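Enquirer: Below: sequence and its predicted model.
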Amino acid sequence: MEQVLNLLLLRFGLLVGGLVVLALLVFAVAVVLRRRGKLGEVRRYAAPAARAVGRRLDARGAARGRGPSRSGGSPAGAALRAAARHLDDDGRGKQERGAGR
């Protein structure tokens with residue numbers, strides 16, 4: 001029993017470590033793009049891609065018989081739709097966008 005728990009803990013640690021490394025890599029790429037002034041251009045390309053992937057995840061969940069949930073789709077699809085909204089707003093909230101005009 002102890003060996004199984006150790007194996008599960010090791011697997012969890014590797015998974016979390018991989019996610020941390022991935023997050024650091026994404027952050028480093030974002031910093032480099034921002035310094036070079038290309039972040040806005042990448043944002044324009046990433047928003048439609050995130051929206052399309054979110055729709056595909058929702059459609060795949062519905063095709064597997066899960067049906068639409070109360071929130072309107074899968075949690076992964078909802079997260080990608082939120083990311084697409086954030087990318088469309090150029091990282092600014094709606095209040096900030098209208099306040100400067």
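Expert: Received the coordinates, thanks. Every value quoted in this text rests on a predicted model; they were computed, and no experiment measured them.
Enquirer: And this protein, split by domain according to the record?
Expert: What automatic domain parsing lists as the domains of the chain is 1-37, 38-101.
Enquirer: Please identify the deepest-packed of the ones you listed.
Expert: domain 38-101 (a mean of 13; mean count of other CB atoms under 10 Å). Quick note: C-beta positions are derived from backbone N, CA and C, even for glycine.
Enquirer: Phe12 versus Leu19, what's the distance?
Expert: 11 Å (CB to CB, to the nearest Å).
Enquirer: Check Gly54 too.
Expert: 27 Å.
Enquirer: Gly40 now?
Expert: In terms of CB to CB, Gly40 sits 38 Å off from Phe12.
Enquirer: Mind telling me what element the most centrally placed residue in the chain is part of?
Expert: What sits nearest the mean C-alpha location of the chain, by CA atoms, centre = their mean, is Leu80, with 5.1 Å. According to DSSP states H and E, Leu80 maps onto helix 75-88.
Enquirer: And that helix, what does it pack against?
Expert: Under the contact criterion of 3 or more CB pairs under 8 Å, 6 or more residues apart in numbering; DSSP states H and E, helix 75-88 touches helix 39-63.
Enquirer: Between helix 75-88 and the helix it packs on, find me the angle.
Expert: Calculated by axes from the mean of the first three to the mean of the last three CA atoms, to 10 degrees, helix 39-63 forms an angle of 160 degrees with helix 75-88.
Enquirer: Can you give the distance of helix 39-63 from its chain's centre?
Expert: How far helix 39-63 lies from its chain's middle: 9 Å, per CA atoms, centre = their mean, to the nearest Å.
Enquirer: Same question for stretch 20-38.
Expert: Distance of stretch 20-38 from the chain centroid (CA atoms, centre = their mean) equals 14 Å.
Enquirer: What of stretch 13-20?
Expert: 17 Å.
Enquirer: quick one: average pLDDT of it?
Expert: Stretch 13-20 comes out with an average pLDDT of 94.
Enquirer: No more questions from me, cheers.
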